[in-house]
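Student: return atomic coordinates for the entry below.
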Amino acid sequence: MLMDIRPIRDDADYEWALKEIEQYFDHEPVRGTPEADRFEVLAALIGAYEERVYPIPDPSPLDVLRFHMDQNGLTQADLARVIGSRSRASEIMTGRRSLSLAMITAIRAAWKIPADLLVPAPVDVAAE
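Tutor: Prediction:
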């Protein structure tokens, strides 16, 4: 049954793989069977293709901050209390100001957001 698996090189191959894997969603294969192996291989191929062709960019620090605040019922006033300034909180939330290292440290300590998610991704100068 694994013999009919092939690389996903284009959208037609991708559509084929999606159709093939769909059958396993209604009837999950038993672990250790050839069907389960086929499911895992198809899932890996589909995942690799999607990562290559439809990459999802990393969220910006502001996106991370907004998401965390939304998920935890936090407001701009709560952010102001953490960083010590209402005006800075407003500037951050409107995108007019980036987070400083001191702000990142305070937010990480208060809200347990990993610091690496609050630091902007480095700009790839070669790509520009």
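Student: what residue ranges in the chain score low on pLDDT?
Tutor: For the chain, residues meeting the criterion pLDDT under 70 lie at 1-3, 123-128.
Student: determine the set of other helices and strands touching the lengthiest helix in it.
Tutor: Secondary structure assigned by DSSP state H gives helix 34-53 as the longest helix of the chain. Secondary structure elements in contact with helix 34-53, counted by 3 or more C-beta pairs under 8 Å, 6 or more residues apart in numbering; DSSP states H and E, are helix 11-26. C-betas here are computed from N, CA, C, even on glycine.
Student: so which elements touch the helix it packs on?
Tutor: helix 34-53.
Student: dump the helix it packs on to CSV, restricted to CA.
Tutor: What follows is the C-alpha trace of helix 34-53 in CSV, where atoms were taken according to Å, rounded to 0.1, in the frame of the first residue of the first chain:
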residue,chain,number,x,y,z
PRO,A,34,0.7,-0.4,7.0
GLU,A,35,-2.2,2.0,6.8
ALA,A,36,-0.9,4.0,9.9
ASP,A,37,2.6,4.1,8.2
ARG,A,38,1.0,5.4,5.0
PHE,A,39,-0.9,8.0,7.0
GLU,A,40,2.3,9.2,8.7
VAL,A,41,4.2,9.4,5.4
LEU,A,42,1.4,11.3,3.7
ALA,A,43,1.2,13.7,6.6
ALA,A,44,4.9,14.3,6.5
LEU,A,45,4.9,14.9,2.8
ILE,A,46,2.0,17.3,3.0
GLY,A,47,3.5,19.2,5.9
ALA,A,48,6.8,19.6,4.1
TYR,A,49,5.1,20.8,1.0
GLU,A,50,2.9,23.3,2.9
GLU,A,51,5.9,24.6,4.8
ARG,A,52,7.8,25.2,1.6
VAL,A,53,5.0,26.6,-0.6
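Student: buried stuff in that helix?
Tutor: By neighbour count, with 16 or more other C-beta atoms under 10 Å as the criterion, the buried positions of helix 34-53 are 35, 38, 39, 42, 45, 46, 49.
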